[in-house]
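Trainee: Predicted model and sequence below, questions to follow.
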Amino acid sequence: MDASYGSSTVGGVPQTDHPRPRRRRRPLRWAAGFLVLVAVAGYFVVQRESNDNGGVPYCTASVEGKSGATGEGQFDEMSPEQAVNAATIAAVGVSKGMPDRAVTIALATAMQESALRNLDHGDRDSLGLFQQRPSQGWGTPDQIMDPVYSAGIFYDRLAEIKGYSRLPLTVAAQKVQLSGFPQAYAKHEPEATVLTSAFTGAGHLTCVGPAPVGAGDPAKVRAQLTRLLGKNPLYALPAAAGGGAGENAGAATESEVTLVAKPGGGEPAARTGQVLAQWAVACSRELGITRVSYGGKSWVAGKDGDRWRERGAAGAGNGSGDPGAAAPGQVRIFVRG
């Protein structure tokens, strides 16, 4: 050790115990990170802008106006698969006469258990949207993998819980699921509430992406609607109509599937019509649905699929005299021919 404080000699070369000041590189790192974020954001902007020409499709649930528990709000983007599953869960609940609180509990549960995906795997023998287990009496694997069945049995068991609508959401969900993580459901309540309002109340679902290019199957649409309605007495499916009309008629032939509310249905019928219209939008990519009309508004697949348009608005295709408009109590679904 050298006699001088804080220094030593190694191989005849004086060394200091104090390290040299390091160059500050944080600004460069921040700049690099910022450029990465800009690049990622730019990628998604390009994907959005190119949706009409084959970009990545996505769906968004929004709540309008001041009605509903959450007021105005928006649920983050979902894939079409997630939107179909969420709409199916909501539609099954409404068809069973379950209140909005039950729908919110069901949606939050599926968001936690499967991220709204119909999984063919899970912990031990857990399957499906709600990760239900055949060994625990939830049904056969094939039944559990059917979203209509799995949602239905979830609601059946929820209804058996006395006062479930007054319980905290995570408590009600846990009484049905018996999960190893009973507090995990709570974090999904805000988003599930927005989804419920969009499907059953003062909101809507929109899906953006390329308009269907392949022919849909009206019989398949009718069959799925029949399953969703179950024993619901509020709506009927009249005999199949002929080719569609309206703004898309010149581009491609359309077939129509129409739901008609039975007289005297009141608010429950309006709630059923709302959820089935939003379900049709969610299923547009899967079932070849090009347009949906309901309640004085219409949704059209393609570049304008990010909004529902009021009757008579430019591009709505449901103005005065348009044969594609929905009369009160109707849900009109047009399928590409």
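Mentor: All right, it came through fine. Residues are numbered from 1 along each chain as shown.
Trainee: how would you label the residue nearest the centre of the chain: helix, strand or coil?
Mentor: The chain has residue 83 as the residue nearest its centroid, 2.8 Å off, counting by CA atoms, centre = their mean. Assigned with DSSP: H, G, I helix; E, B strand; the rest coil, residue 83 falls in the helix class.
Trainee: my guess is it meets residue 285, correct?
Mentor: No. Using CB atoms under 8 Å, residue 83 is not in contact with residue 285, being 9.2 Å away. In this view, the C-beta of every residue, glycine as well, is placed from N, C-alpha and C.
Trainee: what is in contact with these two at once?
Mentor: Shared contacts of residue 83 and residue 285 (CB atoms under 8 Å, 6 or more residues apart in numbering): residue 207.
Trainee: where along the stretch 101-250 of the chain do the helices fall?
Mentor: With helices called from DSSP state H, counting those that start in this stretch, the stretch 101-250 of the chain shows them at 141-144, 147-159, 169-177, 189-200, 218-229.
Trainee: Determine which stretch of these is the most buried.
Mentor: helix 189-200 (a mean of 25; mean count of other CB atoms under 10 Å).
Trainee: Mind listing residues that contact that one?
Mentor: Contacts to helix 189-200, defined as CB under 8 Å, 6+ apart, come from residues 61-63, 67-70, 73-76, 86-87, 90-91, 94, 100, 103-105, 107-108, 111, 169-170, 203-205, 271, 274-275, 278-279.
Trainee: Now the buried members of those.
Mentor: Buried members of these, scored by 16 or more other CB atoms under 10 Å, are 61-63, 68-69, 73, 75, 86-87, 90-91, 94, 100, 103-105, 107-108, 111, 169-170, 203-205, 271, 274-275, 278-279.
Trainee: Which of the residues you listed fall in strands?
Mentor: Among those, DSSP state E puts 61, 62, 63, 73, 203, 204, 205 in strands.
Trainee: Leaving out chain neighbours, which residue sits closest to the third one?
Mentor: Here the nearest residue to residue 63 in space, its sequence neighbours aside, is residue 203; by CB to CB, 6 or more residues apart in numbering that works out to 3.9 Å.
Trainee: Could you pull up the residues touching the one you found?
Mentor: By CB under 8 Å, 6+ apart, the contact list for residue 203 reads 61, 62, 63, 64, 68, 194, 197.
Trainee: List the buried residues in stretch 116-132.
Mentor: Neighbour-count burial for stretch 116-132, counted by 16+ other CB under 10 Å, picks out 116, 118, 126, 127, 128, 129, 130, 131, 132.
Trainee: now the fourth one: how far from residue 265?
Mentor: Read it as residue 127. Here the criterion is CB to CB, to the nearest Å. By it, residue 127 lies 35 Å from residue 265.
Trainee: how about the residue nearest to residue 152 when sequence neighbours are not counted, what does it touch?
Mentor: Spatially, and ignoring its direct neighbours in sequence, residue 152 is nearest to residue 92 (5.4 Å; CB to CB, 6+ apart). Each residue near residue 92 by CB under 8 Å, 6+ apart is listed here: 148, 151, 152, 155, 228, 230.
Trainee: Hmm, the second one is touching residue 89, no?
Mentor: Meaning residue 151. Yes. Applying CB under 8 Å as the test, residue 151 and residue 89 come out as touching, 4.6 Å apart.
Trainee: Determine the residues that are contacts of both of the two.
Mentor: Contacts common to residue 151 and residue 89, judged by CB under 8 Å, 6+ apart, are 106, 129.
Trainee: what pLDDT, on average, does stretch 92-107 get?
Mentor: Regarding stretch 92-107, the rounded mean pLDDT is 98.
Trainee: and the end-to-end length of that stretch?
Mentor: With CA to CA, to the nearest Å as the measure, stretch 92-107 spans 11 Å from end to end.
Trainee: go on, stretch 129-139?
Mentor: End-to-end span of stretch 129-139 (CA to CA): 13 Å.
Trainee: Run through who's touching that stretch.
Mentor: 85, 89, 109-110, 113-114, 116-119, 122-127, 140-141, 144, 147, 149-151, 153-154, 177.
Trainee: one step back: in TSV: the ones in strands among the buried ones among the contacts of helix 189-200, plus pLDDT.
Mentor: What follows is these, written out as TSV (pLDDT from 0 to 100):
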residue	pLDDT
61	95
62	92
63	89
73	72
203	92
204	94
205	96
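Trainee: Just the closest of those to residue 298, please.
Mentor: Here the nearest of those to residue 298, counting by CB to CB, is residue 204; it sits at 11.2 Å.
Trainee: and the nearest residue to that closest one once chain neighbours are set aside, how far is that from residue 268?
Mentor: Nearest residue to residue 204, sequence neighbours excluded (CB to CB, 6+ apart): residue 308, at 5.0 Å. As judged by CB to CB, residue 308 and residue 268 stand 22 Å apart.
Trainee: And for residue 198?
Mentor: Distance, residue 198 to residue 268, using CB to CB: 18 Å.
Trainee: ditto for residue 113
Mentor: 28 Å.
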